[in-house]
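**Student:** model the following, please.
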Amino acid sequence: MKRNHKSPSVLRRYEHVIGVLIKYGFEDFIANSAIAKFKKAARALTPVHQGVSGLEFNTYERIRMVCEELGPTFIKFAQIASNRPDLLPDELLLELEKFQDHAVPVPPEAIIAVIEEELGQPVDTRFERFDAKPLASASMAQVHRARLVGGKEVVLKVQRPGIDLTIEEDIAVLKGLARMAERYMPHLGAYQPVDLVKMFERSIRKELKFTMEMANVRRFERHFAGNPDIYVPSVYPEFTTDRVLCMEYIEGLKITDLRALEKIGLTGPELARKGIGLYFQQIFEFGFFHADPHPGNIFVLRDQRICFIDYGMMGTIIDSDKELLADLLLSVYEKDVEAMKKALKRFSFSAESINDKNLEYDIIDYFENYSSVTVDQVQGEEVMAALNALFFDYKIKIPSNLLLLMKALVIIEGVGLTLDPKYNIIGNITPFVQRLLTQKYTPEKLSRLLAKSVRNIYTLAATFPEDAREIIKKIRRGKLHIEFEHKGIEPLLQKMETVSNRIAFTLLLVALLVSSALIVVADVPPKYHGMPVVGLVGFIVSGLLSLRLIYSIMKHGKF
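**Tutor:** Sure, this is the predicted structure:
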């Protein structure tokens, strides 16, 4: 259900949001203005956060506080925005990554009401047991353990009551604020607030449909069918709707629990190679990857199989972008300046605005930081952070799924280092990258590419005569339109506008002088000291306007 952006509830939400923004904006003014030195007086005017005056926090910390105070939708927006290092500075990203998605649990009766409304039957008739105490409670949903009739242990992910309406209202508010920010605060345009809100809207709508998460699980299962190293939990479509998801309960060991893993015969380095190898397989073979691979979402079963849970946030990467990412990572591995420059420019949607020479110098500096260390000593997190800095500095705007993947790689590297302190993601990912680039030139792929090119040439040759006739017809009818884009012509247009304005002003001035002179010659009453009043006023006004014109010419241009 969508709500009109002018509905009473949305307007009330606007009032609340603007109130919080004003509150923290005033604090920011106090903290950064000349009166900030009057600490004692300023503290009385600024809000206190967790016992600390707002004067002690920087701008980025205050942005995080605003989102926290505004609730789940804004927290989720901040979390999703943290996936855009090409748009947001490092300091803000660090603050946004501090959010933890925990929320006050919804009362069991409210959760049961949602389940019964969605499944159309009382909980007691669909489940042998339903645990009222949640396993987890987040801003969007709550997770409860249950047992199906027949004894199968499952978990139920249940959407929080009313969250969909709250999100609709907040999206309307965010869109309005983003448009105002771009229109009235040009310095915020670099962060592309409207695009960020659109990205958030797409992501949050997918997350609100649990049937899409079920589809993600099934797709993931198809990719890994027959793989003995991975286990994919079952989903139960008969107990799943847009607001309720029913999945198999996984009883396994947390992937970072090294002591427990040793008891089932697994060492940390062995698990790092196997588990993260499965992750690289998701990316470079299937192009469909788990976008939130933190340790809480990866379990190891007693038979040593690895199991990913929580398929709400998944990423997709097309073949051309896989090759693009592979080129970039390989250039980092081989410290190839030219290859990295080309890869970064291919990443960008607007490569023509990038200064080649400056970028080349910055890439050389980038590699100089790693010149004294071996490849196995390079930390992937540092590499990714430096890449993100290049994206931000050169405004290299790249597809959101690629950024999501790069962030996921940093997370998975952290898991690898926990399992094996000597784990190196750059060295381990390189064989997958090289294999992908090698497969790009296999006889089978080259033959397909050749066949596609032949088809395109044939299509072009077949349609060319008809296209040519259509162009000739349009020329004969005078309906052929050609669009020109002039660059650098704005100063000339402004000059011409100034000149035309002065000519028009001069003509009006001359007309006023001539008409005043005619009135004086015609001796038109009323008179003042024998002089027609209207003519006298005309001369005075003409004189003032003449002085104004002379002043303008002397100030802005030459005679």
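**Student:** can you list contacts of stretch 334-345?
**Tutor:** Under the contact criterion C-beta atoms under 8 Å, 6 or more residues apart in numbering, stretch 334-345 has outside partners 324, 327-328, 330-332, 351, 354, 356, 359-360, 363-364, 366-367, 370-371, 390, 394, 396. For the C-beta atoms, the positions are set from N, CA and C on the backbone; glycine is no exception.
**Student:** who's in contact with residue 110?
**Tutor:** Contacts for residue 110 (C-beta under 8 Å, 6+ apart) come out as residue 161.
**Student:** just the element for it, please.
**Tutor:** Assigned by DSSP states H and E, residue 110 belongs to helix 108-119.
**Student:** just the CA atoms of that helix, as PDB, please.
**Tutor:** Presented in PDB, the C-alpha positions along helix 108-119 are these (Å, rounded to 0.1, in the frame of the first residue of the first chain):
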ATOM      1  CA  PRO A 108       4.400 -12.700  20.700                       C
ATOM      2  CA  GLU A 109       0.700 -12.100  20.200                       C
ATOM      3  CA  ALA A 110       1.400  -9.500  17.500                       C
ATOM      4  CA  ILE A 111       3.700 -11.900  15.700                       C
ATOM      5  CA  ILE A 112       1.200 -14.700  16.000                       C
ATOM      6  CA  ALA A 113      -1.500 -12.400  14.500                       C
ATOM      7  CA  VAL A 114       0.700 -11.800  11.500                       C
ATOM      8  CA  ILE A 115       1.400 -15.500  11.000                       C
ATOM      9  CA  GLU A 116      -2.300 -16.400  11.200                       C
ATOM     10  CA  GLU A 117      -3.300 -13.600   8.900                       C
ATOM     11  CA  GLU A 118      -0.800 -14.700   6.300                       C
ATOM     12  CA  LEU A 119      -1.300 -18.500   6.500                       C
END
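**Student:** by contact count, what packs against the helix or strand that that helix is followed by?
**Tutor:** The C-terminal neighbour of helix 108-119 among helices and strands, as given by DSSP H and E, is helix 123-126. The helices and strands touching helix 123-126, judged by 3 or more C-beta pairs under 8 Å, 6 or more residues apart in numbering; DSSP states H and E, are helix 108-119.
**Student:** please state the offset of the helix it packs on from the chain centre?
**Tutor:** Mean-position distance between helix 108-119 and its chain equals 33 Å (C-alpha atoms, centre = their mean, to the nearest Å).
**Student:** can I assume residue 67 sits in a helix?
**Tutor:** Yes. According to DSSP: H, G, I helix; E, B strand; the rest coil, residue 67 belongs to a helix.
**Student:** mind listing what it touches?
**Tutor:** The neighbourhood of residue 67, defined by C-beta under 8 Å, 6+ apart, consists of 74, 75, 77, 78, 96, 99.
**Student:** now for the longest helix along the chain, which elements pack on it?
**Tutor:** With DSSP state H applied, the helix covering the greatest number of residues in the chain is identified as helix 443-477. Under the contact definition 3+ C-beta pairs under 8 Å, 6+ apart, helix 443-477 sits against no other helix or strand.
**Student:** make 751 the starting number, not 1.
**Tutor:** Yep, numbering from 751; the last one is helix 1193-1227 now.
**Student:** I'd like the next helix or strand past that helix.
**Tutor:** Proceeding N to C from helix 1193-1227, the next assigned helix or strand is helix 1240-1272, under DSSP H and E.
**Student:** tell me the buried residues in stretch 993-1012?
**Tutor:** Counting neighbours by 16 or more other C-beta atoms under 10 Å, one finds that the buried residues in stretch 993-1012 are 993-999, 1002-1003, 1005-1006, 1008, 1011.
**Student:** then stretch 1262-1274?
**Tutor:** Within stretch 1262-1274, the residues that qualify as buried by neighbour count (16+ other C-beta under 10 Å) are 1262, 1263, 1266, 1269, 1270.
**Student:** and it, what's its mean pLDDT?
**Tutor:** Per-residue confidence for stretch 1262-1274 averages out to 77 on the pLDDT scale.
**Student:** do stretch 1294-1307 as well
**Tutor:** Computed over stretch 1294-1307, the average pLDDT equals 70.
**Student:** flag every buried residue along the helix holding residue 860.
**Tutor:** Along helix 858-869, the positions that meet the burial threshold by neighbour count (16+ other C-beta under 10 Å) are 858, 861, 862, 864, 865, 866, 868, 869.
**Student:** what's the third one in contact with, if anything?
**Tutor:** Applying C-beta under 8 Å, 6+ apart, one finds that residue 862 lies in contact with 873, 880.
**Student:** and it, how far from residue 868?
**Tutor:** Here residue 862 is placed at a distance of 11 Å from residue 868 (C-beta to C-beta, to the nearest Å).
**Student:** what's the burial count for residue 1139?
**Tutor:** The burial metric for residue 1139, expressed as a neighbour count using other C-beta atoms under 10 Å, is 15.
**Student:** isn't it right next to residue 839, touching?
**Tutor:** No. Using C-beta atoms under 8 Å as the test, residue 1139 is too far from residue 839 to be in contact (9.2 Å).
**Student:** widest-spaced pair of the buried residues of stretch 993-1012?
**Tutor:** 993 and 1008 (38.2 Å; C-beta to C-beta).
**Student:** closest one to residue 952 out of the buried residues of stretch 1262-1274, please.
**Tutor:** Closest to residue 952 out of those is residue 1262 (61.0 Å), distances taken as C-beta to C-beta.
**Student:** leaving out sequence neighbours, find the closest residue to that closest one.
**Tutor:** Closest residue to residue 1262 in three dimensions, ignoring its sequence neighbours and counting by C-beta to C-beta, 6 or more residues apart in numbering: residue 1292, at 5.0 Å.
**Student:** contacting residues for that neighbour?
**Tutor:** By C-beta under 8 Å, 6+ apart, residue 1292 lies in contact with 1259, 1262, 1263, 1266.
**Student:** closest one of the residues you listed to residue 974?
**Tutor:** Nearest to residue 974 among the contacts of residue 1292 is residue 1259, at 83.3 Å by C-beta to C-beta.
**Student:** burial measure for the closest one, as a count.
**Tutor:** Residues near residue 1259, counting by other C-beta under 10 Å, number 17.
**Student:** quick one: the strands in the protein, in order.
**Tutor:** Secondary structure of the chain by DSSP state E: the strands cover 798-799, 802-803, 877-880, 886-887, 891-898, 903-909, 994-998, 1003-1004, 1038-1040, 1048-1050, 1056-1058, 1064-1066, 1277-1278, 1281-1282.
**Student:** buried residues of stretch 1046-1061, list them for me.
**Tutor:** Buried residues in stretch 1046-1061, defined by neighbour count with 16+ other C-beta under 10 Å: 1047, 1048, 1049, 1050, 1054, 1055, 1056, 1057, 1058, 1059, 1060, 1061.
**Student:** I'd say residue 1167 and residue 1173 touch.
**Tutor:** Yes. Under the criterion of C-beta under 8 Å, residue 1167 makes contact with residue 1173 at 5.3 Å.
**Student:** what about residue 1152, how many neighbours?
**Tutor:** Residues near residue 1152, counting by other C-beta under 10 Å, number 19.
**Student:** next: residue 1140.
**Tutor:** Other residues within reach of residue 1140 by the criterion other C-beta under 10 Å amount to 18.
**Student:** for it, what are its contacts?
**Tutor:** Taking C-beta under 8 Å, 6+ apart, one finds 1094, 1109, 1112, 1113, 1116, 1146 in contact with residue 1140.
**Student:** scan these and report the most crowded one.
**Tutor:** Neighbour counts for those were taken using other C-beta under 10 Å; the highest belongs to residue 1094, which has 24 neighbours.
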